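1. give the three-dimensional model of this entry:
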Amino acid sequence: MPLVSSVGVESPSELPVLVVQDHPLLGSAIAAILDGEADMRVCGIARTGAQASAVALRDNAKVVLMDFNLPDMSGPAAAAMIRAGVPEVAIVFHSAEDSEAAFLDAIDAGALAYLTKSATADQIVEAVRRAGRGEALIPPTLFAKAIARQRTVDAEGDDRDQLNALLTAREQEVLNLLAQGDDTSSMARHLGVANHTIEWHVRHVIEKLQVHSKLQAVIVAARLGLIDVTKT
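-> Below is the predicted model of the structure:
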């Protein structure tokens, strides 16, 4: 059996998902579940981080569902490698590792969701589907701890004022909508602009806050007091 396999038939309306799992039977079972969804297509199954990076780039994966511990590297390291080649890809971790440290490391790596092996098939499908829309699936208690742990930007008043000045009014609107869990289409409708305009604003917010994902942008903004997540 090859270590990397391609499955599914391409359709422009289906979400391309890459499954990264070093246990062949589990990887195949998860792929079968996702491929059975009308709006998803499993574009490949990889068993290592290096293979996952190559397949994600080759098949233009939009979501990567991956284990936290892989034979050749850690999940966060693999996520960084994948995102270096495909910056817009959404990462969802699925692992037996259920420690708080692993959860927070996953967020630091830019993950939009972290599922343990106790997750049901429906929960896996929902997390992948939401990640494909750019939505995070993080428990509120974990979100609060992630805010406390965030050290990317110092929470001094001067830094907050500088970032407030750096972000445009529209970028701050987009940031608040991200905190509410809105996807690109929802934000576009709310603000009366095109989807690609929202994507452009999101990229600028991520660059200005010096983070790697939408979720990290919200965490940094919340820690600095740029947004109030208690009102979302």
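
2. tell me the domain ranges of this protein?
-> The chain breaks down into these domains under automatic domain parsing: 15-138, 147-231.

3. after the biggest helix by length in the chain, heading C-terminal, what element do we hit next?
-> If you go by DSSP state H, the chain has its longest helix at helix 195-209. Next along the chain after helix 195-209, taking DSSP states H and E as the criterion, comes helix 214-224.

4. got the angle between that next one and helix 195-209?
-> 50 degrees (axes from the mean of the first three to the mean of the last three C-alpha atoms, to 10 degrees).

5. so what secondary structure elements neighbour helix 214-224?
-> Using 3 or more C-beta pairs under 8 Å, 6 or more residues apart in numbering; DSSP states H and E, the elements in contact with helix 214-224 are helix 100-108, strand 111-116, helix 140-149, helix 157-166, helix 169-179, helix 195-209. Quick note: C-beta positions are derived from backbone N, CA and C, even for glycine.

6. how about the ones you listed in a markdown table, adding distance to residue 88 and mean pLDDT?
-> Listed next are the helices and strands packed on helix 214-224 as a markdown table, based on distance: least, C-beta to C-beta, whole Å; pLDDT from 0 to 100:
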| stretch | distance to residue 88 | mean pLDDT |
| --- | --- | --- |
| helix 100-108 | 18 | 81 |
| strand 111-116 | 12 | 87 |
| helix 140-149 | 22 | 66 |
| helix 157-166 | 23 | 63 |
| helix 169-179 | 15 | 88 |
| helix 195-209 | 8 | 88 |
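
7. deepest of the ones you listed, which one?
-> strand 111-116 (a mean of 24; mean count of other C-beta atoms under 10 Å).

8. how far off centre is it?
-> Going by C-alpha atoms, centre = their mean, to the nearest Å, the spacing between the C-alpha centre of strand 111-116 and its chain's C-alpha centre is 8 Å.

9. and for it, what's in contact with it?
-> For strand 111-116, contacts defined as C-beta atoms under 8 Å, 6 or more residues apart in numbering pick out 68, 79, 90-98, 102-103, 106-107, 123-124, 127, 130-131, 134-138, 213-215.

10. only the buried subset of the residues you listed, as a ChimeraX command please.
-> This is how ChimeraX selects the buried members of the contacts of strand 111-116, with burial counted by 16 or more other C-beta atoms under 10 Å:
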select :68,79,90,91,92,93,94,95,97,102,103,106,107,124,127,130,131,134,135,136,137,138,213,214,215
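
11. which of the contacts of strand 111-116 fall within strands?
-> Of the contacts of strand 111-116, the ones assigned to strands by DSSP state E are 90-95.

12. now distance to residue 199 and pLDDT too, for those residues, in a markdown table please.
-> Shown next, in a markdown table, are those (distance: C-beta to C-beta, whole Å; pLDDT from 0 to 100):
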| residue | distance to residue 199 | pLDDT |
| --- | --- | --- |
| 90 | 13 | 92 |
| 91 | 18 | 94 |
| 92 | 20 | 95 |
| 93 | 24 | 93 |
| 94 | 26 | 90 |
| 95 | 29 | 85 |
